[in-house]
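1. Provide a 3D model corresponding to the input given below.
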Amino acid sequence: MLKKMLTKGISVLTTFAVSLTFLPSALFAQDDAMMYDETSMMMSEEYAEDDVILEEGDTPLERYAKLRRTWVVYREVDSAQIYAITHDKTKRAIQTLDFFTQYNANYRIQLVKVGRLAEIQDGEPLTTMDGFNPEDYRKRPWRCRLVKASTDPAVYLVCGNKKRVIVREGVFHRYGWEFRDVETVDQTELDAYDTGAELNEETVFTQDVEVETTENRKLRERIMERLRLRGKTLIRNRLIKSVDDPKVYFITRNGELRHIEDETVVYRFGLDLGDVTEVSADELEAFEESNSFGADDSAAVLDQRVE
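-> Model prediction:
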């Protein structure tokens, strides 16, 4: 019994210690392109699971996946108060250590500019975990987008509700962006954003600007390279699954995911579930999911070769 209590205590302390290791090395960007409003805090998709506590027996891939899937909380520069942000755009001051220990999750503190959190409506402080529902809160940080209208060649960096035109191609090279990562949107959507100062080669950010499409492309390329190095050139061999989800998918020739419906499909088409490539949940989510693959589909799809 004593050993069990000690093990549980160590696990709790480890969770809180891990949360402190996520303090960012740079302050929130001082450039006005990074001055997000409260709406932008709600834009990204949420994690489906909170059970991402680091454990001694984790494989390197499991540890990597868990470290990436952290629950982000916020505080302003020069302030000691930490807030959790709800989906209905309120902030709740975290005033109990139980917030960091009750749920199996890794936490990262995101520093924001002075006054930024003041713009978000205050909710009741979190003084107890009684009645607390993790699903009421947003957990992921936000990322920027590269967008253009179909009728205009101009490309913009969109962060939160602000767009900034990129004036020259050299700006892409400076920040490591690529034109293939630019999204095409309706002109009405583009017009709805506030306009900020133009971006040129002299623009300086005090923190890296992460672009959603760029990050997802890099994740997809990493998986494709792993499959190539393992000699998986047939679709039937390109089976992947997330480390925290039993669902198995294959990657089509055009880079889409198709979920394998059930074991009937596995038996009918002779799929080898013992040779599934495990990936992190973020890597899996970087692919666009197509329709699932069932027993009525053709084996010719699985026998296609990917160069």
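2. Can you name the residues that contact the nearest residue to residue 288 once chain neighbours are set aside?
-> Of all residues not flanking residue 288 in the chain, residue 256 sits nearest, at 5.4 Å (CB to CB, 6 or more residues apart in numbering). C-betas here are computed from N, CA, C, even on glycine. For residue 256, the contacting residues are 287-290, by CB atoms under 8 Å, 6 or more residues apart in numbering.
3. Residue 155 now?
-> Contacts of residue 155 by CB under 8 Å, 6+ apart are 146-148, 165-166, 179, 182.
4. Could you list which of these belong to strands?
-> 146-148, 165 (DSSP state E).
5. Quick check: residue 90 touching residue 122?
-> Yes. If you go by CB atoms under 8 Å, residue 90 and residue 122 touch, sitting 6.7 Å apart.
6. Counting neighbours, go ahead and name the busier of these two.
-> residue 90 (17 against 12; other CB atoms under 10 Å).
7. who's that one bridged to?
-> residue 121 (DSSP bridges).
8. For it, give me its contacts.
-> Contacts of residue 90 by CB under 8 Å, 6+ apart are 120-123.
9. Apply 10 Å and report the result again.
-> For residue 90, the contacting residues are 38, 83-84, 120-124, 136-137, by CB atoms under 10 Å, 6 or more residues apart in numbering.
10. and those as JSON lines, adding distance to residue 261?
-> Shown next, in JSON lines, are the contacts of residue 90 (distance: CB to CB, whole Å):
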{"residue": "38", "distance to residue 261": "41"}
{"residue": "83", "distance to residue 261": "43"}
{"residue": "84", "distance to residue 261": "38"}
{"residue": "120", "distance to residue 261": "43"}
{"residue": "121", "distance to residue 261": "44"}
{"residue": "122", "distance to residue 261": "47"}
{"residue": "123", "distance to residue 261": "42"}
{"residue": "124", "distance to residue 261": "45"}
{"residue": "136", "distance to residue 261": "33"}
{"residue": "137", "distance to residue 261": "33"}
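11. Would you list the buried entries among the residues you listed?
-> Among the contacts of residue 90, those that count as buried by neighbour count (16 or more other CB atoms under 10 Å) are 38, 83-84, 120, 123, 137.
12. And the protein, split by domain according to the record?
-> Here the domain parsing of the chain from automatic domain parsing is 2-136, 145-209, 213-302.
13. Walking through the stretch 201-307 of the chain, point out its helices one by one.
-> 212-229, 263-269, 281-285, 299-302 (DSSP state H, counting those that start in this stretch).
14. okay, these in CSV with distance to residue 199, mean neighbour count and mean pLDDT next?
-> Putting these into CSV (distance: least, CB to CB, whole Å; neighbours: other CB atoms under 10 Å; pLDDT from 0 to 100) gives the following:
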stretch, distance to residue 199, mean neighbour count, mean pLDDT
helix 212-229, 15, 15, 90
helix 263-269, 48, 14, 90
helix 281-285, 27, 20, 86
helix 299-302, 43, 14, 91
